[in-house]
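K.L.:
here is my input; please provide its structure:
(2 chains, ligands or ions: 2)
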Amino acid sequence: MAGYLSSSIGRKQIVAVTGLFLTLFLIMHLSGNFLIYKGPDAYNAYAEFLEHLGTIKILARVGLIVFFLTHITFTALLVIDNRKARGAQGYAVSNSVGKRSLATRLMPYTGTLVLAYLLFHLCDYTLADHESVRSLVNGQNLGLYGLVYNSFKNPLRVAFYVLGMIGIGLHLVHAVQSIVQTFGFNHPRYTPLVKKISFVVGVGVAVGFASIPFYMHFCTMSACSLGGY
Amino acid sequence: MSKSINLTLKVWRQKNSKTKGQFETYAANGIDTDCSFLEMLDVVNERLTVEGKDPIAFDHDCREGICGMCGAVVNGQAHGPQRKTTLCQLHMRQFSDGDTIVIEPYRSRALPVLKDLAVDRSAFDRIIQSGGYVSVKTGQAPDAHAILVGKEYADLAMDAAQCIGCAACVASCPNASAMLFVSAKISHLALLPQGNPERETRVQEMVAQMDKEGFGNCSNEYECEAACPKGISVSNIARMNREFLSASRKK
Ligand code: HEM
Ligand code: FES
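P.N.:
Numbers count the residues shown, from 1 in each chain, chains lettered A, B, ... in the order given. Ligands and ions are numbered 1, 2, ... in the order given. I've put the predicted structure just below:
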């Protein structure tokens, strides 16, 4: 096991498997967040449901933190190695032969952007008080929904969320197909399909998440709530 | 129809692995476009020798694209601008009159520059020594048809066996990873019944040696496949990843 964890391929596979779980989390998180379109009642009930999962919630949180830290640690080890591997003298001219996409090139940077985004995001909602004055809409306390609603009235926050989502989208466009290759599956017929799926997942997650800040920014309480407020 | 072109060369010159190198500029006038790239360097070297200067050192052997000895980074691409072509098979008709050509050695911590454009590729030899072979039993040579090989496996194995070990994959990889080379060697043996019994120790030992030499890690950028003069597919890297995972699980 120690040999596996210190080998180039082992490390890469650890990054891939943790990345896979983080991606699955994102898809679940996005599906849950879509409840925001059903209005305050549905969304707050969902948050309430998550809040009261007890052991499952603790396990999920610990799991997410462990996966996230492992993903970052092993990626950092690989990136540091890779930077050194070229040697002291780099190329004067380097011309890609053609297959490197923008998403691929930017992986370490979009990863860092997502980390910065995530830290901000956790303080913003998860760790924030869900029933404070920040949840008041037209004098009514709308809980977590109200908090999200109010905070996205700030265009800077909308911009930052959208930037974060561009980062996560690009990250996933490369990542999803990369997981498949790293675990050893490459097939002349299916690999092009896997790459298309990867693109759709990346763009889908980014657009799906980014739709929420836009919606919350532009909707007014009477127009966007279906819950009778 | 051949014609004659005038070029400016910017060539990396370095005395030996201990010294620092630098670019030198040379005029290469009156180059026949039917020359190969290496023949063009021969012409330049003859002129340098007449002038009493040190000729440019570069590796070569077969000059017909099969031995894997030649190679340099030409205008930022390993083996130059033509795909699936070794430097010795690249011809000067790929260039135009007045072009400036930048020629650098392969850059990798694991392949140190010996002199000018020649790099030390013995790291590749050590990787092969660590497991890239089939242990030979003594006795009479077996009949050629004693072991049957399925056509699809034979095809895939032969595709992988096309690797000439030139190290263009390392040169073109943004991480200077040798995984295309190593995976081609692992694949061509693992796919054949003769290589099958040792496949697990082979993949573990070759990967360990590859890591020890200081090559980078694959980040699935696929520059190697595009730069490979033999068109070795990155599906070999996937196969190596799979082999490595299943060998590690059992150990
Ligand atoms: C516009 C997009 C997003 C919105 C509106 C959003 C909304 C939220 C909200 C309201 C919470 C708090 C839930 C609660 O405390 O009950 C939360 C938690 C969280 N979000 Fe997001 N999120 C978005 C995108 C993302 C992305 C891209 C990531 C991943 C990088 C992410 C990772 C997390 C994590 C890790 C938690 C904590 C989960 C937990 O502790 O149980 N979110 N999100
Ligand atoms: S010299 Fe043999 S491949 Fe180029």
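K.L.:
in a strand, B:Ala157, correct?
P.N.:
No: counting by DSSP: H, G, I helix; E, B strand; the rest coil, B:Ala157 is not found in a strand; it is helix.
K.L.:
neighbours of it, just the number please.
P.N.:
18 (other Cβ atoms under 10 Å in any protein chain shown). Heads up, the C-betas are built off the backbone N, CA and C, glycines and all.
K.L.:
which secondary structure element contains B:Lys230?
P.N.:
Under the criterion DSSP states H and E, no helix or strand holds B:Lys230.
K.L.:
can you pull the contacts of it?
P.N.:
B:Lys84, B:Gln162, B:Cys163, B:Ile164 (Cβ atoms under 8 Å, 6 or more residues apart in numbering or on different chains).
K.L.:
could you single out the nearest of those to B:Lys250?
P.N.:
B:Cys163 (26.9 Å; Cβ to Cβ).
K.L.:
quick one: the closest one and B:Gly231 touch, right?
P.N.:
No: contact criterion Cβ atoms under 8 Å: B:Cys163 and B:Gly231 do not qualify, at 10.1 Å.
K.L.:
tell me which stretches of chain B form helices.
P.N.:
Assigned by DSSP state H, chain B shows helices spanning B:37-50, B:122-129, B:151-161, B:168-172, B:179-190, B:199-213, B:223-227, B:235-250.
K.L.:
buried ones in the longest one?
P.N.:
Within helix B:235-250, the residues that qualify as buried are B:235-245, B:247-248, counting by 16 or more other Cβ atoms under 10 Å in any protein chain shown.
K.L.:
kindly reformat the residues you listed as TSV containing distance to ligand 2 and pLDDT.
P.N.:
Listed next are these as TSV, based on distance: Cβ to the nearest ligand atom, whole Å; pLDDT from 0 to 100:
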residue	distance to ligand 2	pLDDT
B:Ser235	23	97
B:Asn236	20	98
B:Ile237	22	98
B:Ala238	27	98
B:Arg239	25	98
B:Met240	24	98
B:Asn241	28	98
B:Arg242	30	97
B:Glu243	28	97
B:Phe244	29	97
B:Leu245	34	97
B:Ala247	32	96
B:Ser248	35	94
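K.L.:
tell me the one among these nearest to A:Arg83.
P.N.:
B:Ile237 (20.4 Å).
K.L.:
the closest one reaches B:Cys218, doesn't it?
P.N.:
Yes: counting by Cβ under 8 Å, B:Cys218 is a contact partner of B:Ile237 at 5.9 Å.
K.L.:
what sits in contact with each of those two?
P.N.:
B:Met179.
K.L.:
poorly predicted segments of chain A, please.
P.N.:
A:98, A:221-229 (pLDDT under 70).
K.L.:
helix B:199-213 and the longest helix anywhere in it, what's the angle between them?
P.N.:
Secondary structure assigned by DSSP H gives helix A:55-85 as the longest helix of chain A. Orientation check (axes from the mean of the first three to the mean of the last three Cα atoms, to 10 degrees): helix A:55-85 against helix B:199-213 gives 60 degrees.
K.L.:
any buried residues in helix A:55-85, and which?
P.N.:
A:67-68, A:70-72, A:74-75, A:77-79, A:81-82, A:85.
K.L.:
what's the answer for stretch B:55-65, then?
P.N.:
For stretch B:55-65, using 16+ other Cβ under 10 Å, the buried residues are B:Ile56, B:Ala57, B:Phe58, B:Asp59, B:His60, B:Arg63, B:Gly65.
K.L.:
run through the residues that contact the third one.
P.N.:
B:Phe58 sits next to B:Leu38, B:Leu41, B:Cys70, B:Ala72, B:Asp116, B:Leu117, B:Ala118 when contact means Cβ under 8 Å, 6+ apart.
K.L.:
ok, which of the buried residues of helix A:55-85 also contact chain B?
P.N.:
Among those, the ones lying near chain B by Cβ under 8 Å from any Cβ of the partner chain are A:Leu78, A:Asp81, A:Asn82, A:Ala85.
K.L.:
report how many residues lie close to the closest residue to A:Phe199 other than its chain neighbours.
P.N.:
Nearest residue to A:Phe199 in three dimensions, chain neighbours excluded: A:Val173, at 5.3 Å (Cβ to Cβ, 6 or more residues apart in numbering or on different chains). Residues lying near A:Val173 (other Cβ under 10 Å) number 25.
K.L.:
assign A:Val173 to helix, strand or coil.
P.N.:
Recorded secondary structure, A:Val173: helix (three-state DSSP).
K.L.:
thinking it is in contact with A:Arg105, fair?
P.N.:
No: counting by Cβ under 8 Å, A:Val173 does not reach A:Arg105; the two are 11.6 Å apart.
K.L.:
how about A:Val93, phi and psi?
P.N.:
phi -130, psi 130 (degrees, to the nearest 10).
K.L.:
residues contacting it?
P.N.:
A:Val93 touches B:Val73, B:Asn75, B:Gly76, B:Val102, B:Glu104, counting by Cβ under 8 Å, 6+ apart.
K.L.:
any idea how far the nearest residue to the third one once chain neighbours are set aside lies from B:Gly98?
P.N.:
Using Cβ to Cβ, 6+ apart and skipping the chain neighbours, the partner closest in space to B:Gly76 is A:Asn95 (3.2 Å). Using Cβ to Cβ, to the nearest Å, one obtains 19 Å as the distance from A:Asn95 to B:Gly98.
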